[in-house]
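Chemist: got a sequence here, can you build the structure:
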Amino acid sequence: MSSTKIQSIGPLEIEAESFRIIEAELGPTAFSSEQFAVVRRCIHATGDFSFAETLRFHPQAMEAGRRAICAGKNILVDVNMAASGISNQLLARFGGRVICRIATAEAAERASTGRMTRSEAAVELAAGENIGIAVAGNAPTALLKIMELIERGTFAPDLVIGVPVGFVNAAESKEILASKPYPFITALGRKGGTPAAVATVNALLRLAAEELPKN
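Modeler: This is a model prediction of the structure:
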């Protein structure tokens, strides 16, 4: 008979206890308090403590992300799973929306005629929609397209969050992002994924929400 004990606590208590465990196991870190909010939430979403080693922040990343959210700008994501996980209700309080064009007929047509992936086509389609934060958590091609459009001068998000996962161009695309002069958050190596991308955005949203008037 198993001796494992299951705790009976509510959702808010579960998150608070999870954060306590993460902080206790990590111990002191070199992250700022705002950066640590992202690190902690990524670990919470994935159960993977290696994010404390691989996450990289441009010096202006946290301020740029918060500023974009508070200005009511939109958030571009590469897949619908990310759009579902981001706190749309909280983002709406600032006037912004989550935008994902990957499942549209326009993206399919552009991908076919332009000899590109749907992820690349979706980024091109959404680039003009008042994007403050561009997020790639699944497709390296989406991250590469985001950086390409920025280099061309046709896309200017305040912050790029690039944490695609995988074995083909995932690590390479993130290494390129980590060398850029504009604000970014990335996780070096093969690991990443939509849960980490969503966790990063939600951490930024909660930091921005601290500036909202208290009711």
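Chemist: these two touch, right, residue 110 and residue 124?
Modeler: Yes: with contact defined as Cβ atoms under 8 Å, residue 110 reaches residue 124; the gap is 6.7 Å. Placement of C-beta: from N, CA and C, glycine included.
Chemist: more neighbours: these two, which one.
Modeler: residue 124 (22 against 18; other Cβ atoms under 10 Å).
Chemist: do you know how far the more buried one is from residue 152?
Modeler: Using Cβ to Cβ, to the nearest Å, residue 124 is found at 11 Å from residue 152.
Chemist: ok, residue 163 touching residue 134?
Modeler: No: Residue 163 lies out of contact with residue 134 (Cβ under 8 Å); the separation is 12.0 Å.
Chemist: quick one: list the elements packing against the strand ranked longest in the chain.
Modeler: The longest strand of the chain (DSSP state E) is strand 131-136. Helices and strands touching strand 131-136, by 3 or more Cβ pairs under 8 Å, 6 or more residues apart in numbering; DSSP states H and E, are helix 61-70, strand 74-77, helix 140-152, strand 159-162, helix 194-209.
Chemist: can I get the first one as PDB, trimmed to CA atoms?
Modeler: Meaning helix 61-70. Only the C-alpha atoms of helix 61-70 are listed here, as PDB (Å, rounded to 0.1, in the frame of the first residue of the first chain):
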ATOM      1  CA  ALA A  61      13.700  43.200 -21.800                       C
ATOM      2  CA  MET A  62      11.500  43.500 -18.700                       C
ATOM      3  CA  GLU A  63      10.900  47.200 -19.000                       C
ATOM      4  CA  ALA A  64      10.200  46.900 -22.700                       C
ATOM      5  CA  GLY A  65       7.600  44.100 -22.200                       C
ATOM      6  CA  ARG A  66       5.800  45.900 -19.400                       C
ATOM      7  CA  ARG A  67       5.800  49.200 -21.400                       C
ATOM      8  CA  ALA A  68       4.300  47.400 -24.400                       C
ATOM      9  CA  ILE A  69       1.500  45.800 -22.300                       C
ATOM     10  CA  CYS A  70       0.700  49.100 -20.500                       C
END
